[in-house]
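J.: structure of the sequence below:
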Amino acid sequence: MDKPFYVAYHDHEWGSPVHDDRHFFEMLILEGAQAGLSWLTVLSRRDQYRAAYDNFDVQKVAAYDDAKQAELLANPGIIRNRLKVASSVGNAKVFLQIVAEFGSFDAYVWRFVGGAPIINHWPGHNDVPITTDVSDALSKDLKKRGMRFVGSTIIYSFLQATGLIMDHTTNCYRYRDLST
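T.: Got it, this is the predicted structure:
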């Protein structure tokens, strides 16, 4: 890949365990925005998303009114999909409910993997699944709580991105860094 931002994301972020609620919220919104699109499309707009979404301050996003949502829909720097924008606001409200119930989103989400990353040992990209029982369970729970754009495939990508599941292939140098 010849995109420096993509290489930096792979080399320094993807698969690294996350324990920061703001980052979890950012990745939920970005992964949901990806639905039907490529990750490269969304990742290339990440800085615009951060600016448009108040650096993913979940309290602020949960309070977005119709005027703010209209502003987002007019912003050419993000994916301008009415359902995705509306779900980002609704998902922020559910995110805050989860934080109120569990103390943090971190405490909530890490329960799904037993508190430690699942380290997979895939020899190649074609071996990596698009969903698992873990992504199915988290997706089901988030949907039950009222989140949208959190299907099992989206959630599996979220789990990979935030390091709850480590899916760097065995021939990738990051595999060695993250599997020990």
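
J.: what mean pLDDT does stretch 52-71 have?
T.: Mean pLDDT, stretch 52-71: 98.

J.: list the buried residues in the longest helix seen in the chain.
T.: Selection of the longest helix in the chain by residue count, based on DSSP state H, yields helix 82-102. Neighbour counts over helix 82-102 (16 or more other CB atoms under 10 Å) mark 84-96, 98-99 as buried. Quick note: C-beta positions are derived from backbone N, CA and C, even for glycine.

J.: now do the SS call for the residue most central in space within the chain.
T.: Closest residue to the average C-alpha location of the chain: Met27 at 2.7 Å, with CA atoms, centre = their mean. Here Met27 is helix, with the state taken from DSSP: H, G, I helix; E, B strand; the rest coil.

J.: surely it meets Leu159?
T.: No. Using CB atoms under 8 Å as the test, Met27 is too far from Leu159 to be in contact (9.6 Å).

J.: circling back to that earlier point, per-residue pLDDT of the residue nearest to the centre of the chain, please?
T.: Confidence at Met27, expressed as pLDDT, is 98.

J.: residue contacts, it?
T.: Shown in contact with Met27 (CB atoms under 8 Å, 6 or more residues apart in numbering): Val18, Phe158, Ala161, Thr162.

J.: what count of nearby residues applies to Glu31?
T.: Counted with other CB atoms under 10 Å, the neighbours of Glu31 add up to 23.

J.: give the contact list for it.
T.: Going by CB under 8 Å, 6+ apart, the list of residues near Glu31 reads Phe149, Ile154, Ile155, Ser157, Phe158, Ala161.

J.: which helix or strand contains Lys143?
T.: Using DSSP states H and E, Lys143 sits in helix 133-145.

J.: cheers, nothing more for now.
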